[in-house]
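In: Take this sequence and fold it.
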Amino acid sequence: MFIVRSMMIAAMLAAAVACKAQTMSSPDGKLTLRQEGEALTLYYRQRQVLQIPKVGMENSKKLNISKPQRIKADYTMLSGKRRHCINEANEYTAPLNKQATLVVRLYNDGLAFRYQLAAAEGNGNWREPTTYRIAEGTRRWMQQWTDSYEGFFPLDSTAKVKPVPSYSGLSVSADGYNCRWGYPALIETAADGNVFALITEANIERRQSASCLYNDENLELFRVVPDQNDAALTDQWHTPWRIVIVGSLATVVESTLVTDVSEPSQVADTHWIQPGVVSWIYWAYNHGSNDMAIIRKYVDLAETLHLPYVLIDAEWDQMDGHSIEEAIGYALAHGVKPMIWYNSSVGWVDGAPTPKFRLNKPDDREREFAWLERLGVAGVKIDFFSGDSQMNMDYCLDLLECAARHHLLVNFHGATIPRGWQRTWPNLLSTEGVYGAEWYNNVPTFTHRAAAHNATLPFTRNVVGPMDYTPCAFSDSQHPHITTLAHELALTVLFESGLQHLADRPESLLAQPEAVREFLSSLPASWDDTRLLGGFPGQYAVVARRKGDTWYVAGINGTDNQMAIAPDWSRLYETREKAQEALLFADKEGKWVITHRRTAADGFPNEIATIHCEPRGGFVLVLRGI
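Out: Here you go, the predicted model:
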């Protein structure tokens, strides 16, 4: 009996050791990844977050997982949600077969993994096995695929969703449901526990394509499918990092995981990279950049509001009686740095705006960017790419590298979402990839959906990187907006972008109260820290961003009802430091309500502990001297 019992105990211990060997964990132990049959399952505080049914294991074999190696990310960003970024991970490797090795990193705020191929041959269209399970009934905010990433993130609990006919690149299942989805995808993993997971990818390099999610084979199984890759692969190769940010909504919003896993900066001298606010013609005047008189109006606006930049948009090469050199000279003479627009000439070409075909060939691109540098142009906005293929990714990287050589800032439009390039090439200060205020020019859809959409973006699209939404429209474009004045002002802080383009026309901006004009004049476009003080996707959002000793707190109401918002102010006073001055922008019944005061001796002014927002309203609170 003793021998039998000893054998049983030994077997149990061996099983326990084997089980432990198949569990990977984050440095703080809150996140664990376990092999369960052919699947890997991600846990947060011992609660299941996400199952990854397929990563390429053969016949449910036990992974031979290496001992963990500590990885530390410690770097500074010139733009983004946080200047000094720190994160730690445990890295594990596990061979899948003779060709592929799975590399796993468990950070304290999420999971990153990728595949390394020992001897890649042919092209990069390797059939990746990665599949995520998102069970029916799981609440999720996911965007149907469109190559411009200009779509909504509606709350749903099912994948049985009809496709949006106007979206490009759609894929429809046999039963008529959309079955192709873009990043990022946010899911609520525990309805009773405030645990969320945001799925995306990061660190796209040359010879790689970006990917998206397909659930065409099974409603609940979302396959990672890389876009077309025609690169010749003759040596070792790896995929981009697959990313799952995990934790509370605050963890998701504040995470820098996308840049943590991306390559360090490739730009040695960065003194010329200066984030800033931009006056922007297109929203009010679609063809305004071919009119010198309108260009002057926006230069004069930037000068009056002390904005560093003006963007001269499409068709600047078609000005009657004037030249782009004159427009650039006018801006520089008034102390405003000009940026100008280009058509990438790989997406929308026929019938599209000019200038075209100036950047596609290396010699042409080098010559064009050298010319801009000599003229004193600060940067370029490059538009109309054709999706997430390896060709597009390599082209974007070529553009960033060449632009950096010639000290040009970059803003990608009609392009893919950020996937970490903002760290590797810090001259990339913004990217569109969002259904933004420009859509007031196009269709009436945005008018009634904008408030809820705006209250969703801080938890979805803007998590992964800068977002050129083009905020702050107090007046109307072709289609009216029904968000309030304070809601619009709040978007300039709520939405992070290293180049923050103000959408409104000069007359409207200059007609605002002096305090509003002064706020825009001193508005930062890069931040030292970011914290979520409250919110829920589609309902409301309150985000605090710090610049120096000043906190800018922006909140919006995404609903059609009045809302009393009580942010978690304690997150700003962890060291018991106190604000010396508070400036509150709110509104009521279509009029500004602006309160400016010194704070009480004991710190925070009680009357703004809870802020009452109009339907589709908002507020901005500036706290100085913290």
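In: mind listing the helices for the stretch 401-550 of the chain?
Out: Per DSSP state H, counting those that start in this stretch, the stretch 401-550 of the chain carries helices over the ranges 421-424, 445-454, 485-494, 506-510, 514-521.
In: could you redo those as CSV and give each row mean neighbour count and mean pLDDT?
Out: Where C-beta positions appear, they are placed from N, C-alpha and C, glycine not excepted. Shown next, in CSV, are the helices of the stretch 401-550 of the chain (neighbours: other Cβ atoms under 10 Å; pLDDT from 0 to 100):
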stretch, mean neighbour count, mean pLDDT
helix 421-424, 26, 98
helix 445-454, 20, 97
helix 485-494, 26, 98
helix 506-510, 16, 98
helix 514-521, 16, 98
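In: nearest to residue 178, of those helices?
Out: helix 445-454 (17.2 Å; Cβ to Cβ).
In: Identify the residues contacting that closest one?
Out: If you take Cβ atoms under 8 Å, 6 or more residues apart in numbering as the criterion, helix 445-454 is touched by 152-153, 435, 437, 439-440, 479-483, 487, 491, 494, 538-539, 541, 556-560, 616.
In: if we can go back for a sec, now render the helices of the stretch 401-550 of the chain as JSON lines, adding distance to residue 395.
Out: Below are the helices of the stretch 401-550 of the chain laid out as JSON lines (distance: least, Cβ to Cβ, whole Å):
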{"stretch": "helix 421-424", "distance to residue 395": "13"}
{"stretch": "helix 445-454", "distance to residue 395": "30"}
{"stretch": "helix 485-494", "distance to residue 395": "31"}
{"stretch": "helix 506-510", "distance to residue 395": "35"}
{"stretch": "helix 514-521", "distance to residue 395": "35"}
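In: sorry, back to before: if any of the contacts of helix 445-454 are buried, put those into a ChimeraX selection.
Out: One line in ChimeraX is enough to select the buried members of the contacts of helix 445-454, burial here meaning 16 or more other Cβ atoms under 10 Å:
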select :152,153,435,437,439,440,481,483,487,491,494,538,539,541,556,557,558,559,616
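In: follow-up on the earlier one: between the helices of the stretch 401-550 of the chain, which one is closest to residue 79.
Out: helix 421-424 (6.8 Å).
In: Quick check: strands, which of the contacts of helix 445-454 are part of them?
Out: Using DSSP state E to define strands, the subset of these located there is 541, 556-557.
In: Include distance to residue 396 and pLDDT when you put those residues into a markdown table, please.
Out: Listed next are those as a markdown table, based on distance: Cβ to Cβ, whole Å; pLDDT from 0 to 100:
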| residue | distance to residue 396 | pLDDT |
| --- | --- | --- |
| 541 | 29 | 98 |
| 556 | 31 | 98 |
| 557 | 36 | 98 |
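In: Just give me the closest of the residues you listed to residue 412.
Out: Nearest member of the ones in strands among the contacts of helix 445-454 to residue 412, counting by Cβ to Cβ, is residue 541, at 24.7 Å.
In: Spit out the contact partners of the closest one.
Out: Neighbouring residues of residue 541 by Cβ under 8 Å, 6+ apart: 454-455, 458-459, 494, 532, 534-535, 555-556, 558.
In: Could you double-check that residue 479 lies in contact with residue 473?
Out: No - assessed by Cβ atoms under 8 Å, residue 479 is found out of contact with residue 473, at 10.9 Å.
In: Would you mind grabbing the residues shared as contacts by these two?
Out: What both residue 479 and residue 473 touch, as defined by Cβ under 8 Å, 6+ apart, is the set residue 440.
In: For residue 205, which three-state class applies?
Out: coil (DSSP: H, G, I helix; E, B strand; the rest coil).
In: Looks like it contacts residue 239 (just checking).
Out: No - using Cβ under 8 Å, residue 205 is not in contact with residue 239; the gap is 9.8 Å.
In: Compare those two and say which one has the larger neighbour count.
Out: Between residue 205 and residue 239, counted using other Cβ atoms under 10 Å, the more crowded position is residue 239 (25 against 17).
In: Quick check: pLDDT value at the more buried one.
Out: Looking at residue 239, its pLDDT reads 96.
In: And the one 10 residues further on, by the same measure?
Out: Predicted confidence (pLDDT) at residue 249: the value is 97.
In: Run through the residues that contact residue 377.
Out: 328, 337-340, 408.
In: Helices of the stretch 151-300 of the chain, start to end?
Out: Using DSSP H, counting those that start in this stretch, helices in the stretch 151-300 of the chain cover 249-254, 257-260, 292-305.
In: Redo the ones in strands among the contacts of helix 445-454 as JSON lines? Include distance to residue 625.
Out: Converted to JSON lines, those look like this (distance: Cβ to Cβ, whole Å):
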{"residue": "541", "distance to residue 625": "25"}
{"residue": "556", "distance to residue 625": "25"}
{"residue": "557", "distance to residue 625": "28"}
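In: Out of those, the closest to residue 500 would be?
Out: Taking those together and measuring to residue 500 by Cβ to Cβ, the closest member is residue 556, at 16.1 Å.
In: so that closest one touches residue 487, yeah?
Out: Yes - shown here, residue 556 and residue 487 form a contact pair, counting by Cβ under 8 Å, at 5.2 Å.
In: Mutual contacts of those two, please.
Out: 451, 454, 617-618.
In: Check what pLDDT residue 139 gets.
Out: On the pLDDT scale, residue 139 gets 96.
In: Next, the contact list for the closest residue to it other than its chain neighbours, please.
Out: Using Cβ to Cβ, 6 or more residues apart in numbering and skipping the chain neighbours, the partner closest in space to residue 139 is residue 188 (4.2 Å). Going by Cβ under 8 Å, 6+ apart, residue 188 touches 138-140, 195-196.
In: again, but for residue 149
Out: Taking Cβ under 8 Å, 6+ apart as the test, what residue 149 contacts is 143, 182, 416-417, 432-434, 461.
In: run the last query once more with 6 Å
Out: 182, 417, 433 (Cβ atoms under 6 Å, 6 or more residues apart in numbering).
In: Also residue 276?
Out: 308-309, 525.
In: Tell me how far it lies from residue 381.
Out: 14 Å (Cβ to Cβ, to the nearest Å).
In: And residue 294, by the same measure?
Out: Distance from residue 294 to residue 381, by Cβ to Cβ: 17 Å.
In: Which one's more surrounded, those two?
Out: residue 381 (25 against 18).
In: The more buried one in helix, strand or coil?
Out: Quick answer, by three-state DSSP: residue 381 is strand.
In: So it sits against residue 341, correct?
Out: Yes - between residue 381 and residue 341 a contact is recorded at 4.7 Å, counting by Cβ atoms under 6 Å.
In: Identify the contacts common to these two.
Out: Common neighbours of residue 381 and residue 341 (Cβ under 6 Å, 6+ apart) do not exist.
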